[in-house]
Every structure is written in structure tokens, then in C-alpha cells.
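J.: Give me a 3D structure for the following:
(chains A and B)
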Amino acid sequence: MATEHNDIETALNRRYEAGFVTDIETEYLPPGLSEDVIRELSAKKHEPQWMTDWRLKAYRHWLTMPVPEWAKLKIGPIDFQAISYYAAPKARPKSLAEVDPKLLETYDKLGVPLHERAKLAGVAVDAVFDSVSVGTTFRKELAEAGVIFCSLSEAIQEHPELVQKYLSSVVPIGDNYFAALNCAVFSDGSFVFIPKGVRCPMELSTYFRINAVNTGQFERTLIIAEEGSYVSYLEGCTAPQRDENQLHAAVVELVALDDAQIKYSTVQNWYPGDENGVGGIYNFVTKRGDCRGARSKISWTQVETGSAITWKYPSCVLRGDDSTGEFYSVALTHHAQQADTGTKMIHIGRNTKSKIISKGISAGRGQNSYRGLVKVEKSASGARNYTQCDSLLIGKKCGAHTFPYIEVKHPSAIVEHEATTSKISDDQLFYCRSRGLGEEDAVSMIVDGFCKQVFKELPMEFAVEAKKLLEVSLEGAVG
Amino acid sequence: MLKIENLHVSVAGKEILKGLDLAVRPGEVHAIMGPNGAGKSTLGNVLAGRDGYEITAGTVDFGDKDLLQLEPEERAAEGLFLAFQYPVEIPGVNNTYFLKAALNAQRKYRGESELDSMQFLKLVREKLRVLHISDELLHRAVNAGFSGGEKKRNEIFQMALLEPRVAILDETDSGLDIDALKMVAEGVNHMRSPERAFVVITHYQRLLDYIVPDYVHVLAEGRIVESGDKTLAHKLEQHGYAWLDERRVPERATP
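T.: Residues are numbered from 1 along each chain as shown, chains lettered A, B, ... in the order given. Next comes the predicted model:
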């Protein structure tokens, strides 16, 4: 009997494999948010005065802002005073070699080995655990190429001129409610600088992990690609399984100068809550890329399977002439998950191009909304956009919604929007099963086919992981 | 190997099959003919295990298994194949990938080792050669954007690859031009063997010029009303299904 019980346990746990907690001594700031808390946070991080002032300015602005309610999401009130805004493992290692073995083990379990002998081949990783970066791999190799890849906290200390120049240059302090909150309390994140003409020799990635209870995670990422450079950056996210909702409000800023290319991929697998919608991460993220230079290109690819609530619109400001913005997205909602996600493509420069491929999958009672804006300014002659927006429904209780906004101010613009909504049909399922495939395999095969266009934009290893994640996330979606 | 006895099937409360009997032995080709609405496609679907059919009486034995107790995928792995009248499109799923997954799922069920990509590709090449199918079909998504003829050809290709013990062809000839029809027939004839049986469901006699059956059955109003050899098909072609009305066997008492 004991073994049998274990089998069931294992099967149940498989639904969210990253749901474990690491038992590690953690230093917290007490829950609550005030100017004093922000000063304390800033002091803990030994930040320069300009940084503290910047935070306080954002905080004061945030206090004046209303909570946004335009998204098609049902969210209970968030008590910002009940959250702790800083949690970090007590031991502060100087290098990866000194990192607490428990932390290394955590990342091993998540499939992101950090230690030298098992490092992911060809991928440099910055690991962010709760509020702090615990280590970055391949730093030496990257430095030789002139690439700076470190935590944002370190960058503030070591490259203040770069941080000051670019921080909040894409997402202004008062951009939106959650971005303003992030400015006030962000604790860490990644910083990437690719100098002129350099093709980053390996993939860069950040692995975000929420561990501590009753904390929010507010990370901030800043990527700068100078003229003619190229970088591919990946981010992954997980959190333990808990009954309370946890808040995650991140900001990502990308800057691409002339002829630079940034490819940004996300596999988001925050804890989604249970079947009844208890627990899960509230994921409010502002991601924006600025194609500042001519012929620059920014490409967002996201696979969103986790979180109870996803509120996220990775966008491109196509400022430079002939610049290109792309957005490829797979968003899955199962059980009681809700997602309101999409993109904004703002065409400012001449002959700017954008492409949007969005695939929404809803199962259980999941609600999935695509919200996208394509805006062609007066200056953007010859602008071109193509949008394809597909929704797939599994079962009868889920919903898919599409909110496309198009604003065109130049007569030469060509803007195309295609949208489809389909159900995994009984015919498709039966066809697969009559060939010998089990029901769940059939569903994941159909879903995989539906997502093909997006998966092929992901780096190989991530595409495999994304596919597996969808399979696990959809378990029990049929029958 | 396939034994259907007194099969009664209802759809949404309406009885479609009303006591159907059929016995198929290895090596045999049975043709099932009949007018529209006689229950021909229902028979194919019920045997393959599609939802939405209520079996109110009767048994179906497949080898030593009770077919009606098996899931559709188990029936497939046991060696039952249904060539669809309207093959379904699955966008984005590569045809080769789909078939490899299907074949390996069946092999796994039967306790056989799964084929790796090289072994599978070798098998595919072999089947393509025999069936004179271009490998272009393989690189496309399952049936997506296929013409009617291509879809049917793909069904035959799947059948060749999965090597079933009993293959049911549900009006595979519908909507086919004569060249495509010959090609489909050629595929079937090539696969005929002493171990394998076929149930060919068709509305027209034409297909049976190319796939010559051992037995012809007429299905009307939910039952087999007439059985015979291939000459029965010719008689039907000449006289039409109305001719049967005069020869109808008396209703069997339903249990």
C-alpha cells in the first residue's frame, strides 16, 4: 500500500515540478511599504544617493496612481502593506564557488546547474533567488568578448554611468502602476551590455526563483545592445507551491542601437495555483524594447504557462528607420488561471516593420485574453504590420478573448490582422486515437502543432522545455 | 478474427444498426454496400470506437478480445484500422512525426521495441516505394491543405505503415477520380495477405472492380439483408438498391 500511495503522490506532484521550497536562512525586511522601507532597502544594497532618490520619486508617483482595472482579469485586492519587499539568503557569497550548496542544489533540481563542472554548455546563467542574484556563470569568458553580464545591483556599483544613462529610458518611472512600484522597490535583476559590433558568444539567461513566503519579487532587467551587436537572452521563472498569492512585478527594458539585434525569450512557469484557483503568482510585468537605432531589431518570444494572473505586454517602440519588432507568444491558461497578455508595436520611424504571432490556449475554467496595440505615427511612412492571433479552446468552461487596437496616422501603412478561434475537435482527437495515440498524447500533439510557429523561434533547449511544460500544464485537461 | 453478433446501435435515441451480424476471417475481403443512411459509416465508427454511439445490444469479438471494451487507441494497437471517409486536418503536426508517434504508441502497447528515427525512416521509404507515393506528403502537416485524393492516399499510406490485422475502409472511393481510385485499390491489393482482412464500405460497385471482394454484403435499414460473392455487387449495380426490397428477409425479433 505504501508504494501505491507514493505513486499517487508522485503523479500529483508532477503537475508542478518546481513547487518545492528550499530551506535556507533568509534575511527579510518586515512586511510593509513606506519611504523608510525604500531607504532601508536602498541602504542594504549600498546604493548611491541618485538611486535612492530615483526610487523615492517613483514611490511618490506610485502613491498617486490608481490600480489599473482595464484588463479582463478578476483580481482580489492586493494588500501592499502585507508584503515583504526584500528577502535574501543570509550568506552573501563573493563568487559562485562560495554559494551555499543548498542553493546550488535548488538550481540543479530546476535543471539549471550553476557549478562549474555541470554548467549548461554555451549558456551563461544569472540566478536570481528571491530578491538577489546569487551568481552568474561564464563571467570571465563573456568579459573577454567585452560583454557585461551581471546583476543589476552590481552594475549600479560598477557601471553607474551606463545604468544612469539607460535605466528608465524605455519604461519611464510613471509608465504604469506596477512599473512605478517596481522602480520603488526592485531588488535585483540582470544587466547586459553588448558593446559595438560584438556578437555575444553565447546565450545569456536569467533564472528567477521565488522561494521565501509572503514576499514579492520585483526584478528589473536592462539590456543594451550597441551598434551592430547581437544578443539572445532567455529567462525562466518558477516558485514554490503555496496557498497564498504572491506578487511579482517586473520591468524589462531593452535598448537596440543602429543595426543591433536583441532576441528575448521567456519561459514563464510561476506557480499557477491549484485546480480551485487557490494560490499562485500574480504576474504583472512591463516589458518594452526600444529600437532606438536604424535597422535595429527586437524580437520577443514568450511561453506563458504559469501564474494565477498574467498581465504582460512585451512591446516594441520602433523609433529607428527600417527597424523591426516581433512578438511571438504562447499563453496557456488551465484550471482557474487568467491571462491578459499581448503586445504593443509603436511605429515611429520610416519603413518600420512589425509582426505579431499570438497563440492562446484555454483549458479548464481558464480565461485567456489577447490585447494588442498596433500604432502607426504620422512620421512612420511605409510602416507594415502583420498580426495573427489564434485561440484554441479545450473543454466547455474556458474562454478566449481578443482585443486588438489599431491606430494608424499615416496613409501608406499596411496593417493586417488575422484571428481564429478553434476548439480541439472531437474529430481530431478521435482521429489521433484511432491511429493508436492515447488521449493526452493526442492533445499535446495537437497543441504542439498549434504552437509550432512560436516554438520554432525559441532556442532549441528552450523549445524542448516549453513543449514539456505545456504537456504537464495540460494534464487532466481532457476527459 | 472479427465477429459481430446482433449489434444494435443508437445515435441520440434513434436506432441505426438493428441486429447486425458479420464474421470476418483472416485473408478475407468483405465489401459492405448499401443505400445512403443504411448505417454503413456508423458500423465503421462503432468498430473504431468513436464517441456518441450507444451500443444497446450485441457483441464484437476481435481475436480473443471484447472489442467494445477497448479504448480507440487500444483497438488500433490490437490491429484495427479505420480509413476515414473524411480524414481530419491537424495543422502544425508534421505527418511523419504523427505517424512515428502513432506507430511507436502501438508498438509500446504490444510490448514491442519502439523504432528510432533511422528505422522508422527506412520503413517509410519502403512503403512509399511500394505505394508509388511521393515523399512530399511526408513533409506537410497531417492532411492540412491536402486535396481529397491526397487525403485518401495518406490514409492508405498510414494503413500500410501501421500494418493492421483488419482494415476498414469507409467510403474511401468517395470523391476520387479514376486515377486516385486505382492508386488506392493498388495499395489495398498490395497489402492483401492470408493474415490480414479488409472490410470495404462503399456506395458504388466501381471500387470493387479494382478491389475484388470475397464476399459482398448489403446493409439496409441497419442489418445485413443479403450476402453473396462479388456477383452480388454487379446485380446491385444493374438493378439498384430498390431491387432488394422485394427480397428483404423478415425482421428478426429484437431482444
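J.: Neighbours of A:Glu40, how many?
T.: By other CB atoms under 10 Å in any protein chain shown, the residues close to A:Glu40 number 15. Bear in mind the C-beta positions are built from the backbone N, C-alpha and C, glycine included.
J.: my bad, B:Asp179
T.: The burial count for B:Asp179: 9, using other CB under 10 Å.
J.: so what secondary structure elements neighbour whatever helix or strand it lives in?
T.: For B:Asp179, the host element (DSSP states H and E) is helix B:178-191. Helix B:178-191 makes packing contacts with helix B:117-131, helix B:148-162, strand B:166-170, helix B:206-210 when contacts are defined by 3 or more CB pairs under 8 Å, 6 or more residues apart in numbering or on different chains; DSSP states H and E.
J.: now the third one against helix B:148-162, angle please.
T.: Our comparison of strand B:166-170 with helix B:148-162, counting by axes from the mean of the first three to the mean of the last three CA atoms, to 10 degrees, yields an angle of 170 degrees.
J.: which stretches of the chain aren't confidently modelled?
T.: Picked chain A for this. Applying pLDDT under 70 to chain A flags residues A:1-16, A:91-97, A:110-122, A:131-132, A:134, A:239-242, A:476-479.
J.: Correction: the question concerned chain B.
T.: Using pLDDT under 70, the flagged stretches of chain B are B:245-255.
J.: Mind jotting down where the strands sit in it?
T.: With strands called from DSSP state E, chain B shows them at B:2-11, B:14-24, B:29-33, B:54-62, B:65-66, B:80-83, B:90-94, B:141-142, B:166-170, B:197-202, B:215-220, B:223-228.
J.: quick one, the first one and strand B:14-24 angle?
T.: Interaxial angle of strand B:2-11 relative to strand B:14-24 (the same axes, to 10 degrees): 170 degrees.
J.: In terms of secondary structure, what does strand B:2-11 contact?
T.: In terms of contacts (3+ CB pairs under 8 Å, 6+ apart), strand B:2-11 is packed against strand B:14-24, helix B:40-48, strand B:54-62.
J.: Which residues of the stretch 351-479 of chain A lie near chain B?
T.: Residues of the stretch 351-479 of chain A lying near chain B by CB under 8 Å from any CB of the partner chain: A:425-428, A:430-439, A:441, A:445-446, A:448-453.
J.: run the last query once more with 10 Å
T.: A:359, A:390, A:420, A:422, A:424-439, A:441-442, A:445-453, A:455 (CB under 10 Å from any CB of the partner chain).
J.: where does the closest residue to A:Gly197 other than its chain neighbours fall, phi/psi-wise?
T.: Excluding its sequence neighbours, the residue lying closest to A:Gly197 (CB to CB, 6 or more residues apart in numbering or on different chains) is A:Gly228, at 4.7 Å. When read as degrees, to the nearest 10, the backbone of A:Gly228 gives phi 70, psi 10.
J.: Roughly how far does A:Gly228 sit from A:Tyr271?
T.: For A:Gly228, the distance to A:Tyr271 equals 41 Å [CB to CB, to the nearest Å].
J.: So for these two, which sits in the more crowded spot?
T.: Set A:Gly228 next to A:Tyr271 and count neighbours by other CB under 10 Å: A:Tyr271 wins out with 23 against 19.
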